[in-house]
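Visitor: Mind folding the following:
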Amino acid sequence: MRLSLLDRSRTRAGRPEGEALAHTVERAVAVERLGYHRFWVAEHHGVPGVASGAPAVLLAAVGGRTTTIRIGSGGVMLPNHQPYVVAEQFRMLAALHPDRVDLGVGRSVGFTAPVRRALRRGSEEPDTFAEDVAELRAYLEDAGPVTARPAGVGAVPLSVLATGRGLEVAAGLGLPVVVGGPVLDEPDVGERLAAYRRGFRPHGGGDPQVTVSLDVLVADTDAEARELALPEVWAMARSRRTGVFGPLEPVADIRGQDWDAQDAGRVEKGLAAVTAGSAGTVRRRLERLVERTAADELLVTGSTYDRDALAASDAALPALVG
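Guide: Numbering: from 1, shown residues only. Purely as a prediction, here's the structure:
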């Protein structure tokens with residue numbers, strides 16, 4: 001089981017948003033030393049709690065401070081971009097950081113109407129994701145109508161972040177798939193991934209590959225780990241009420257706020273969805289997940305306000321994944 005990490009450049013209450021980008025680079029340096037396989041960054045737009053809106057820019061900084069770990073996107077949201085421009089960006093990264101760059105692509109657009117308008121995304125636009133992924137791959141393989149420069153920089157492996165029909169798209173194009181979120185909790189997830197493997201049409205000799213992405217936090221006790229998970233869960237719970245996904249807050253500040261029954265219910269449900277606990281608890285939950293999904297790789301996405309506790313969790317994980 002390969003172990004990788006996705007950092008979403010989460011902002012923290014009371015701190016400049018730009019600090020989150022420096023923290024992302026520092027985390028990449030740390031997990032490279034710990035032997036993680038990949039380090040991925042995300043694309044979000046107009047979200048106060050996330051500083052990363054341009055994965056290619058952030059990956060250039062991450063690549064400049066690391067030497068061996070693979071770097072990539074989890075992911076570039078392809079509906080927001082022209083496939084040719086994405087191919088150029090990631091070929092430039094591949095030239096700067098040879099044999100280390102991956103490209104994960106997704107189909108999500110902005111979550112709010114103002115953001116979608118800013119991205120020039122209309123509500124009635126057709127779904128061209130499968131066609132766009134195929135076009136992007138053609139540029140990366142020098143099979144498009146024009147050449148994405150710089151040429152001759154080597155392969156940029158392509159993966160699909162899949163929910164719903166994304167599994168079918170990935171299978172039909174012969175691409176690896178990254179699966180996370182509510183899909184992992186569905187009772188038929190094993191069968192859906194088996195269908196992906198059965199329907200996989202090899203391209204260039206590749207085999208079906210499944211990466212599962214989930215929030216994971218490790219602490220000395222289950223109770224401590226739940227507290228580490230609270231800032232992220234609280235931000236999500238509050239966003240359901242306010243429409244704003246905000247910065248991470250300290251646990252003490254969250255506990256000191258007035259919660260109503262709806263807040264408490266949403267927090268409890270959110271904490272139950274996080275793989276947070278002691279080393280033994282996390283190991284058992286990951287083993288059950290791997291048994292259900294037959295995953296080839298684990299992409300962890302945990303975050304919390306306390307950066308020292310987060311670093312300790314990152315350091316504890318490699319011993320639990322083997």
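
Visitor: what distance separates stretch 12-27 from the centre of its chain?
Guide: Computed by Cα atoms, centre = their mean, to the nearest Å, the chain-centroid distance of stretch 12-27 equals 17 Å.

Visitor: tell me which strands and helices the strand of greatest length in the chain is in contact with?
Guide: Counting by DSSP state E, the longest strand found in the chain is strand 70-77. Using 3 or more Cβ pairs under 8 Å, 6 or more residues apart in numbering; DSSP states H and E as the contact test, the elements touching strand 70-77 are strand 38-41, helix 55-65, strand 103-106, strand 158-161. Quick note: C-beta positions are derived from backbone N, CA and C, even for glycine.

Visitor: can you list the residues that contact the helix or strand hosting residue 287?
Guide: Per DSSP states H and E, residue 287 falls inside helix 279-293. Here helix 279-293 makes contact (Cβ atoms under 8 Å, 6 or more residues apart in numbering) with 1, 179, 184, 189-190, 193, 210, 212, 214, 216, 218, 222, 225, 275-277, 295, 298, 316-317, 319-321.

Visitor: State the mean pLDDT of the very next helix or strand once past it.
Guide: Going down the chain from helix 279-293, the next helix or strand is strand 297-300, by DSSP H and E. Mean pLDDT, strand 297-300: 97.

Visitor: For strand 297-300, which strands pair with it and how are they oriented?
Guide: Paired with strand 297-300 in the same sheet, following DSSP bridges, are strand 2-7 (parallel), strand 210-214 (parallel).

Visitor: tell me what the following helix or strand past the first one is packed against?
Guide: Meaning strand 2-7. Counting by DSSP H and E, the next helix or strand C-terminal to strand 2-7 is helix 19-33. Using 3+ Cβ pairs under 8 Å, 6+ apart, the elements in contact with helix 19-33 are strand 2-7, strand 38-41, helix 55-65, helix 307-316.

Visitor: buried stuff in stretch 246-256?
Guide: Under the neighbour-count criterion of 16 or more other Cβ atoms under 10 Å, stretch 246-256 has 246, 247, 248, 249, 250, 251, 254 buried.

Visitor: Which one of those is nearest to residue 99?
Guide: Set against residue 99, the nearest of the buried residues of stretch 246-256 by Cβ to Cβ is residue 248 (34.2 Å).

Visitor: these two touch, right, the closest one and residue 306?
Guide: No. Contact criterion Cβ atoms under 8 Å: residue 248 and residue 306 do not qualify, at 9.1 Å.

Visitor: Count the residues that sit near residue 314.
Guide: 22 (other Cβ atoms under 10 Å).

Visitor: hang on, I meant residue 304
Guide: 26.

Visitor: so what pLDDT did the residue lying closest to it once chain neighbours are set aside get?
Guide: Counting by Cβ to Cβ, 6 or more residues apart in numbering, residue 228 is the residue found nearest to residue 304 once chain neighbours are left out, at 4.4 Å. Note on residue 228: pLDDT of 98.
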